[in-house]
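Engineer: Sequence first, predicted model second:
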Amino acid sequence: MTTHKVENSAEILDRLISDYGPSKYQDIVRAMQWARHLRRQEEFRQIPMAELIERSLLDVVNKKVTMAEVEKSVKDDQAIEDKLMAKRVPGKDPADSRPVRQKAAK
């Protein structure tokens with residue numbers, strides 16, 4: 001009788017990160033950026049962020065996603081965010097139209 005230990009993705013990830021090379025900290029940052037990029041996609045919006053982070057770490061560590069892909073996605077996401085910010089007209093947002101309270105004179 002053989003016994004097979006079934007590892008879940010968290011155990012695999014822990015092992016991969018602990019055995020990882022000197023670029024581990026930079027790659028963790030890249031994985032977080034990749035997770036934020038995935039969050040913007042419709043198919044990943046219902047997945048909890050913890051799962052997206054785990055998936056992103058596995059993708060980066062296993063080289064399923066390249067650093068160039070991550071950097072491109074960050075630039076693309078920033079361009080989208082900049083476009084959205086440019087479309088917002090000051091004064092049209094209810095938060096912008098609230099009266100400003102002045103401090104009472106002493």
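Structural biologist: Sure, I can see it.
Engineer: for the chain, which residue is closest to the average position?
Structural biologist: Arg36 (2.1 Å; CA atoms, centre = their mean).
Engineer: so where does that one fall, helix or strand?
Structural biologist: helix 24-40 (DSSP states H and E).
Engineer: quick one: contacts of that helix?
Structural biologist: With contact meaning CB atoms under 8 Å, 6 or more residues apart in numbering, helix 24-40 is reached by 17, 20, 44-45, 49, 52-53, 55-57, 59-61, 65, 67, 70, 73-74, 77, 80. C-beta: built from backbone N, CA, C; applies to glycine.
Engineer: Can you tell me which of those are buried?
Structural biologist: Leu52, Ile53, Arg55, Ser56, Leu57, Asp59, Val60, Val61, Val65, Val70, Ser73 (16 or more other CB atoms under 10 Å).
Engineer: so which pair among these is furthest apart in space?
Structural biologist: Distance extremes for the buried ones among the contacts of helix 24-40: the farthest pair is Val61 and Ser73 at 17.2 Å, using CB to CB.
Engineer: do you know how far Asp14 is from Thr66?
Structural biologist: 23 Å (CB to CB, to the nearest Å).
Engineer: Check which helices and strands the helix or strand in which Ala50 is found sits against.
Structural biologist: Assigned by DSSP H and E, Ala50 belongs to helix 49-61. Contacting helix 49-61 under the criterion 3 or more CB pairs under 8 Å, 6 or more residues apart in numbering; DSSP states H and E are the following elements: helix 9-18, helix 24-40.
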